[in-house]
Structure formats: structure tokens, C-alpha cells
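Next comes the sequence, and after it the predicted model I'd like to discuss.
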Amino acid sequence: MSGDDASSAAQGRGDEPRGSHRDRESSFISPLPREEYVEQMHLFEVLGERLKLNIPAQEILESVREEILVTTKLPMAVDFMLSELRHLGAFATAMERLRHYFTPFQTFVMAEAENERQRFDLRIGLEVLRREAKYRAEGATRQGLFLYQLEVLCRNRMGYDYGLEAIAGDPAYDEAWRNWILTVRRQIGIIDLADLIFVRSEFYHERKAAEQGDASLAAALMAEAAEQGFPPLFGRQEGRIAWANRKKDPLLLFGALHRQLGYPEAPRPNPADPEERLLPTLARRMEQLESRLKLVEEEQRGGIQLERFYAAEQKRPEAGGRRPEE
């Protein structure tokens, strides 16, 4: 059983505190140092907040670059992003060329947010990246990271095909995880998501051992599955939650994982406030009423001067010249 599986099992049994296994594995899951993700979190947070104030993105990057620690590599990345923004007007192209710094999933989220054909808002995309960077800085697990990224795809109706391919390219996942993520990419929509998680959990082998009448066989079944190339990727708790949410809405599965295991939650778009649209709507109606009142006043004074609505008269021909219609 791998280190991920052992830590997940210990978490499910309650043998150690929830955060201890995250501290040991964070260096393996997050390819960059912690300070890089803290500064990334600050960058995405500032971008999201100041874009709401209609400040140009170029000015935001220029100002936030001075706030970022120069001991990190993010200032160099910001310089390159600023250059690409000036030439191409997008962030995703710069992130795509900085593959050693930004993950494929980060690039995919930004590309979808900048795609005018999609209904995925840029501010939601920045919040997605901010929460992911915060989770990595605090000490992430592969289980929590994958479930967060998958929930982002589900809640925002992003493409599973390209989205799961980008997730599989994340350096946080090892070969077993990448193979399983690509399997999910092929089978999602055909097989229930809860079943896909359940059959790759330790709880699945525990139930098989219980059905055979010997609970001690669970470890042997997990070792046998690992030898065949299908090691359990989720712990006992994730498997129990997935089994309890079979044939249900996947969003209910994500909600249970948030409550029970404290996994990060994907941001949701805020519903539009009708009161914010009230004043602009009233202003437009007042302008229409003023135009109508002016027309009524002109009609009472002697008629509406329709000549002002006509097109300008054609230029008169010079003396001795022909008219245009001739």
C-alpha cells in the first residue's frame, strides 16, 4: 500500500490528526515551494478584487508586481504575463508558455475564462485559482486536490474532455493517478462518478472482505489490487461517502466531502442582485420620457419639425454642371 493510501486509511480510522499527513506529503504534491503558492494566491486575489473596480488589467499587474516577494519566481512570471497581455490581450497564452511554473489545469481555467464563447466568468476563474493556490500552500492531498478540480468542472459546466486531460497533466499526480484520471475521462457520463470513486477506495476492499466473511482479508485484497496495477487511491472515508451517494447528484457527493473531510469547495457564481439594475433601468426610462415630452411640446407649439430626422441634402451641382441624376 502506497504512502497516499496509508495516510488516507489513517485519516479514516482516526489514528492521527487530520492535518498531519498533509504536512508530510505537501512537498511531494505541490511542485513549487509554499511561498510561491502564497504569492500566487495574493496575485489572483488582487486581480479579482481590482477587476471588479474596472481597473485595467495591465495597471493591476504593474502594481501587484511591486507587492510580490522578489525571492520568488512569480515576479518574472508576472513580467512575462504583462508582456503577453500587451501584445495579445490574454493571460492564458503566457501561462501556457510557462509550463514549468503554472500547471495545465491553471492554464485551462484561465483559457476558459477568457473564451468569449463560454459563460465562465473571469472573476470566478480567478477565485478558482486563488482557492487552489491556498489549498496547496496549506498542505494538499491528491484526493482533495482532484475532487476540488473535478468539482470546478462540474459546477461551471466546463468540458470534461479537455478539463480532465489538463488535470491528468498536473505534476502532483503520479502514474497510477494519471491512468485513473484518464479512465474517468473516458467513462464519466457513462458510469456514476460515485461508483468510479468507490471502486478505487479502501472501503471497497473492506466490503469485499466482509462479504467473504473475513475482515482481515482487506489488506491482502488491497495488496493484490496494487500488484495488478489498480491500487486504492482513496481512503476509507472517501469510499464510504461515495458509496452513500451512489445514483445521486454529484454535487451532493461534493457537499458531503466538504462537510466530512474539510476538502476545499469550488466557488459558485453569485446571483445577480435586482436592486443593482434598478437605478440604471430607471435612468433609461426617464430619458425616454424626456424625449417623448419634448415631442409633445413641439406638437403643441405648431408641429414637429420632421426635417431634422431626414438625411442631409445632396451637395448641389456647380453652375453649368449636371445634376447627379442626369
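Cool, got the structure.

buried residues in the helix or strand encompassing A137?
In this assignment (DSSP states H and E), A137 forms part of helix 122-138. When neighbours are counted by 16 or more other Cβ atoms under 10 Å, the buried residues of helix 122-138 are found to be 122-138. Placement of C-beta: from N, CA and C, glycine included.

counting contacts, what elements does the next helix or strand after it pack onto?
Once the chain leaves helix 122-138, the next helix or strand it forms, by DSSP H and E, is helix 142-155. Helix 142-155 makes packing contacts with helix 3-13, helix 20-29, helix 122-138, helix 160-168, helix 175-187, helix 250-261 when contacts are defined by 3 or more Cβ pairs under 8 Å, 6 or more residues apart in numbering; DSSP states H and E.

for the residue lying closest to I60 once chain neighbours are set aside, helix, strand, or coil?
Distances taken as Cβ to Cβ, 6 or more residues apart in numbering place R50 nearest to I60, at 4.8 Å, with adjacent residues excluded. Three-state call for R50 (DSSP: H, G, I helix; E, B strand; the rest coil): helix.

so R50 touches E62, yeah?
No - R50 lies out of contact with E62 (Cβ atoms under 8 Å); the separation is 11.5 Å.

So for those two, which residue has more residues nearby?
The neighbour comparison of R50 against E62 (other Cβ atoms under 10 Å) goes to R50, with 17 against 13.

Next one: that one relative to P56, how far apart?
Remark: distance between R50 and P56 (Cβ to Cβ, to the nearest Å) = 9 Å.

Kindly report the same for F198.
Note on F198: its distance to P56, by Cβ to Cβ, is 48 Å.

Between those two, which is the more surrounded one?
Taking neighbours as other Cβ under 10 Å, F198 and P56 compare with F198 leading, 22 against 11.

for that one, what are its contacts?
Going by Cβ atoms under 8 Å, 6 or more residues apart in numbering, F198 touches 204, 239, 242-243, 246.

Just the buried subset of these, please.
By neighbour count, with 16+ other Cβ under 10 Å, these hold 204, 239, 242-243 as buried.

From the residues you listed, pick the one nearest L150.
Within those, proximity to L150 (Cβ to Cβ) peaks at A242, which comes in at 12.3 Å.

What mean pLDDT does the strand or helix carrying that closest one get?
In this structure, A242 sits in helix 236-244 according to DSSP H and E. For helix 236-244, the per-residue pLDDT values average out at 93.

Now do the residue nearest the centre of the chain, the pLDDT please.
Taking Cα atoms, centre = their mean, the centroid of the chain lies closest to V128, which sits 4.1 Å from it. V128 carries a pLDDT value of 93.

quick one: contacts for it?
Contact analysis of V128 by Cβ under 8 Å, 6+ apart lists 109, 152, 266-267.

swap in L47?
Taking Cβ under 8 Å, 6+ apart, one finds 57, 60-61, 64, 126 in contact with L47.

Now, of the residues you listed, which are buried?
Here, 16+ other Cβ under 10 Å leaves 57, 60-61, 64, 126 buried among the contacts of L47.

Closest to E165 out of those?
L126 (22.1 Å).

pLDDT weak spots in this structure?
For the chain, the stretches flagged by pLDDT under 70 are 1-28, 271-277, 304-326.

From the recorded domain assignment, give the ranges for it.
Domain segmentation of the chain under automatic domain parsing yields 31-138, 143-313.

can you give me the end-to-end distance of the shortest one?
Meaning domain 31-138. 14 Å (Cα to Cα, to the nearest Å).

Dihedrals phi and psi, the nearest residue to E62 once chain neighbours are set aside?
Of all residues not flanking E62 in the chain, L82 sits nearest, at 6.8 Å (Cβ to Cβ, 6+ apart). Dihedral pair for L82: phi -60, psi -40, per degrees, to the nearest 10.

And L82, how close does it get to Q58?
Distance from L82 to Q58, by Cβ to Cβ: 7 Å.

Mind checking which of those two has more residues around it?
A count of neighbours by other Cβ under 10 Å puts L82 above the other of L82 and Q58, at 18 against 12.

Settle this for me: the more buried one is touching E59, isn't it.
No - assessed by Cβ under 8 Å, L82 is found out of contact with E59, at 10.1 Å.

what about the longest helix in the protein?
Of all segments of type helix in the chain, defined using DSSP state H, the longest is helix 274-301.

For L85, which residues are in contact?
Applying Cβ under 8 Å, 6+ apart, the residues near L85 are 57-58, 61, 91, 94.

would you turn the contacts of L47 into TSV with distance to T71?
As requested, these are exported to TSV (distance: Cβ to Cβ, whole Å):
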residue	distance to T71
A57	25
I60	22
L61	19
V64	16
L126	24
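
Please name the nearest non-neighbouring residue to F80.
Nearest non-adjacent residue to F80 (Cβ to Cβ, 6+ apart): A94, at 5.4 Å.

what's the angle between the helix or strand in which A223 is found and helix 236-244?
In the assignment (DSSP H and E), A223 maps to helix 218-227. Angle of helix 218-227 versus helix 236-244, following axes from the mean of the first three to the mean of the last three Cα atoms, to 10 degrees, is 90 degrees.
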